[in-house]
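[1] 3D, please:
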Amino acid sequence: MTILAWNCRGLRSALAVRTLADEVQAKDPSLIFVVETKTGESRMKGIRNKLEYTQGITVPSDGRSGGLAMMWKEGSNIRFRSCSNSHIDVEVHENSASNPWRATGFYGHPDAGKRFISWQLLENLKNQYFMPWIVFGDFNEITQSNEKIGWLDRDANQMEEFRETILGVMGGGAQRTKVRLDCMVAPEGWMRLFPEARVRHVAMSISDHCMLMLTLERQQPQKRGNKRFFFKAMWTRDERCKEIVEEAWEPGWAEVELGIGDRIKRCQENLQAWNWKEFGHVYRVLKQKKEMLQQLEC
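    Have a look, this model is predicted:
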């Protein structure tokens, strides 16, 4: 099982939605939590349908600020508990043989003077009911000054309040990632349930916030199979694309008996050959650039 959490800084643009869709397609998460959507229920419903994560909870933004969304696929045994402008709380029931656990997406108040309200909310959530629990999202605070690089120094009292909250809510054995503003925290009870759980910070080119990726089991290497053909949207921006399709689709006199399946196959082959010649390994280059960005973020 995989969980993604990301402060996307808005899902109003097609680029932001496409970036999220690419990550979802690549990682196939069971649960997605998005912070600062800056949009309402209607648009988030459209995004959920595009991602094919049709179930979930949306907390609409206040104008052009805030907004939360938790999404999962139809058929998943995930039960909604509560929400506010700062959190979405659900229960995860993987199967009848495993214990249910809590997953809370969290957004710390952006106003430092009101952040104590967020810490009070965490304490209230802890006391609502008891089961293994993990909290993830953008806390808008760090526990120590060496967890940030650059910009203004953090207030020592603010960091101390956050440390006390984490210790009080999660207990002395709270496990954390290499904490930045975006992090995941869990007490020992949850860690015992998922001893192989791992968290990665994934650098995102369109946001200054990394995406959090939590995997509950050690991932097994996948066997490489034949690659599926995908039509690339970028091809349509080149005038030659239409010509390639027409040339492949219209048979010559000697090929007049070509069926629909044969024509589609020839279109695929010609487009792939043209893509290699004109664009080369563009997606491999993008992957390499993302890896470089990831190394700079760490």
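[2] Mark out where each domain of this protein begins and ends.
    As given by automatic domain parsing, the domain ranges for the chain are 2-215, 233-292.
[3] pLDDT value on residue 179, please?
    Reading off the confidence values, residue 179 has pLDDT 41.
[4] What of residue 117?
    For residue 117, the model assigns a pLDDT of 90.
[5] Look up how far residue 88 lies from it.
    Separation of residue 117 from residue 88 (C-beta to C-beta, to the nearest Å): 17 Å. C-betas here are computed from N, CA, C, even on glycine.
[6] In terms of neighbours, single out the busier of those two.
    Here residue 117 and residue 88 are compared on neighbour count by other C-beta atoms under 10 Å; more neighbours surround residue 88, at 26 against 12.
[7] hang on, isn't the more buried one packed against residue 57?
    Yes: with contact defined as C-beta atoms under 8 Å, residue 88 and residue 57 form a contacting pair (5.2 Å).
[8] overlap in contacts of these two?
    For the pair residue 88 and residue 57, residues contacting each of them under the criterion C-beta atoms under 8 Å, 6 or more residues apart in numbering are 69, 70, 80.
[9] neighbours around the residue nearest to residue 35 when sequence neighbours are not counted, how many?
    The spatially closest residue to residue 35, leaving aside those adjacent along the chain, is residue 7, at 4.2 Å (C-beta to C-beta, 6 or more residues apart in numbering). A count of neighbours around residue 7, defined by other C-beta under 10 Å, yields 23.
[10] I'd say residue 7 and residue 36 touch.
    Yes: taking contact to mean C-beta under 8 Å, the distance of 5.3 Å between residue 7 and residue 36 places them in contact.
[11] Can you tell me which of the domains of the chain is packed in deepest?
    Mean neighbour count (mean count of other C-beta atoms under 10 Å) peaks for domain 2-215 among the domains of the chain, with a mean of 17.
[12] I figured residue 209 hits residue 34, correct?
    No: at 10.8 Å, residue 209 does not count as touching residue 34 under the criterion of C-beta under 8 Å.
[13] Just give me the closest of the shared contacts of residue 88 and residue 57 to residue 104.
    Nearest to residue 104 out of those is residue 70 (C-beta to C-beta; 9.3 Å).
[14] Wait, a helix at that closest one?
    No: under DSSP: H, G, I helix; E, B strand; the rest coil, residue 70 falls outside any helix and is assigned strand.
[15] any idea how far residue 77 is from the nearest residue to it once chain neighbours are set aside?
    The shortest distance from residue 70 to any residue other than its chain neighbours is 4.2 Å, reached at residue 88 (C-beta to C-beta, 6+ apart). Relative to residue 77, residue 88 is positioned 17 Å away (C-beta to C-beta).
[16] the helices in the stretch 151-298 of the chain, which residues?
    If you assign secondary structure with DSSP state H, counting those that start in this stretch, the helices in the stretch 151-298 of the chain sit at 156-170, 188-193, 240-249, 260-278, 282-297.
[17] related to what we said a few turns ago, reformat the shared contacts of residue 88 and residue 57 as TSV; add pLDDT and distance to residue 217.
    Shown next, in TSV, are those (pLDDT from 0 to 100; distance: C-beta to C-beta, whole Å):
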residue	pLDDT	distance to residue 217
69	96	25
70	96	21
80	95	25
